[in-house]
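Enquirer: Everything below, folded, please.
(one chain, ligands or ions: 2)
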Amino acid sequence: MVKASASAQAPEEPRELFRVHPERPIIEVKGLNFYYGDFQALTGVNMTVKRNKVTALIGPSGCGKSTFLRLLNRMNELIPGTRVEGELLFEGVNLYDPGVDPVEVRRRVGMVFQKPNPFPKTIYNNVAYGPRLHGLREARQLDHMVERSLKSAALWDEVKDILHQSALGLSGGQQQRLCIARAIAMQPEVLLMDEPTSALDPSPPAASKSWSRNSNKAILL
Ligand SMILES: Nc1ncnc2c1ncn2[C@@H]1O[C@H](COP(=O)(O)OP(=O)(O)OP(=O)(O)O)[C@@H](O)[C@H]1O
Ligand SMILES: [Mg+2]
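Expert: Ligands and ions are numbered 1, 2, ... in the order given. Modelled structure (predicted):
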């Protein structure tokens with residue numbers, strides 16, 4: 001008779017894949033190459049991103065800024081024919097390892113796109129959407145989360161009396177701040193923002209910066 005191993009008898013606690021080591025950079029990129037089919041868009045990228053900091057990527061149009069940001073939350077793999085080489089470590093784990101769940105990555109590494117893309121729902125439901133999807137049901141907790149996120153994105157004062165109106169009725173800049181609030185509501189550890197200030201006054205980025213000072217957060221612009 002084959003004796004069952006100890007691990008088979010007593011299942012291990014679920015392993016936390018992305019463990020925080022405060023002294024380590026939250027993101028480390030090593031020898032990164034990226035291809036759209038035959039076209040190589042990124043060549044030999046090495047960089048680190050510190051935690052609790054805002055990091056800006058600057059470069060001419062077409063140099064690969066958006067491509068790089070999308071690699072950090074595995075959005076490029078939704079484009080057929082793409083290929084990644086090298087290492088993209090988040091909390092020391094390669095995001096492209098076979099055991100890594102892209103949905104989990106996208107919860108931890110949130111993204112705001114250049115063009116505002118609110119859902120055709122109310123302002124409240126745009127922000128509450130993600131937390132609800134992840135099991136937050138209690139009305140008071142949801143209210144609190146929505147208010148806190150809208151305040152962090154410097155939108156609360158403008159929308160607190162119209163929370164149940166359509167988000168599509170907001171101005172472009174307000175829609176962009178709503179998308180920032182929606183991303184913040186998921187409490188990501190890294191927030192990727194692809195030219196998010198194009199439609200904004202100076203104050204909301206400052207608000208996002210204050211959000212990043214909460215422990216263990218990083219923002220890439
Ligand atoms: N889906 C795609 N398929 C094929 N090539 C692409 C795709 N997306 C981007 N590229 C190419 O990859 C390169 C980098 O594009 P990317 O959008 O990352 O640049 P960018 O630095 O963000 O530019 P911008 O400042 O104009 O937003 C460009 O040559 C672009 O044409
Ligand atoms: Mg771009």
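
Enquirer: So for the most centrally placed residue in the chain, what's the pLDDT?
Expert: With distances taken as C-alpha atoms, centre = their mean, Gly110 lies nearest the centre of the chain, 1.1 Å away. At Gly110, the pLDDT value in this model is 93.

Enquirer: phi, psi of it?
Expert: phi -80, psi 160 (degrees, to the nearest 10).

Enquirer: Pretty sure Asn73 is one of the things it touches, is it not?
Expert: Yes: at 7.3 Å, Gly110 counts as touching Asn73 under the criterion of C-beta atoms under 8 Å. Using the backbone N, CA and C atoms, a C-beta is placed for each residue, glycine as well.

Enquirer: Quickly list what's touching both of those two.
Expert: Both Gly110 and Asn73 are contacted by Val190, Leu192, under the criterion C-beta atoms under 8 Å, 6 or more residues apart in numbering.

Enquirer: what residue ranges in this protein are flagged as low confidence?
Expert: Applying pLDDT under 70 to the chain flags residues 1-15, 197-221.

Enquirer: Got the domain ranges for it?
Expert: Segmentation of the chain into domains, based on automatic domain parsing, reads 27-104, 123-220.

Enquirer: can you list the residues of this structure near ligand 1?
Expert: With C-beta under 6 Å from any ligand atom as the criterion, the chain meets ligand 1 at residues Tyr36, Phe39, Ala41, Gly59, Ser61, Gly62, Cys63, Gly64, Lys65, Ser66, Thr67, Ile79.

Enquirer: Taking those residues together, which two end up most distant?
Expert: Spatially, the most separated pair among the residues of the chain next to ligand 1 is Gly59 and Ile79, at 20.4 Å (C-beta to C-beta).

Enquirer: those helices in the protein, which residues are they?
Expert: 6-9, 65-71, 102-108, 123-133, 139-152, 156-159, 172-185, 203-212 (DSSP state H).

Enquirer: Output the second one as PDB, restricted to C-alpha atoms.
Expert: The C-alpha atoms that make up helix 65-71 are tabulated as PDB, following Å, rounded to 0.1, in the frame of the first residue of the first chain:
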ATOM      1  CA  LYS A  65       5.100  53.800 -23.300                       C
ATOM      2  CA  SER A  66       1.500  52.400 -23.600                       C
ATOM      3  CA  THR A  67       2.900  49.000 -24.600                       C
ATOM      4  CA  PHE A  68       5.100  48.900 -21.500                       C
ATOM      5  CA  LEU A  69       2.300  49.900 -19.200                       C
ATOM      6  CA  ARG A  70      -0.100  47.300 -20.600                       C
ATOM      7  CA  LEU A  71       2.600  44.600 -20.100                       C
END
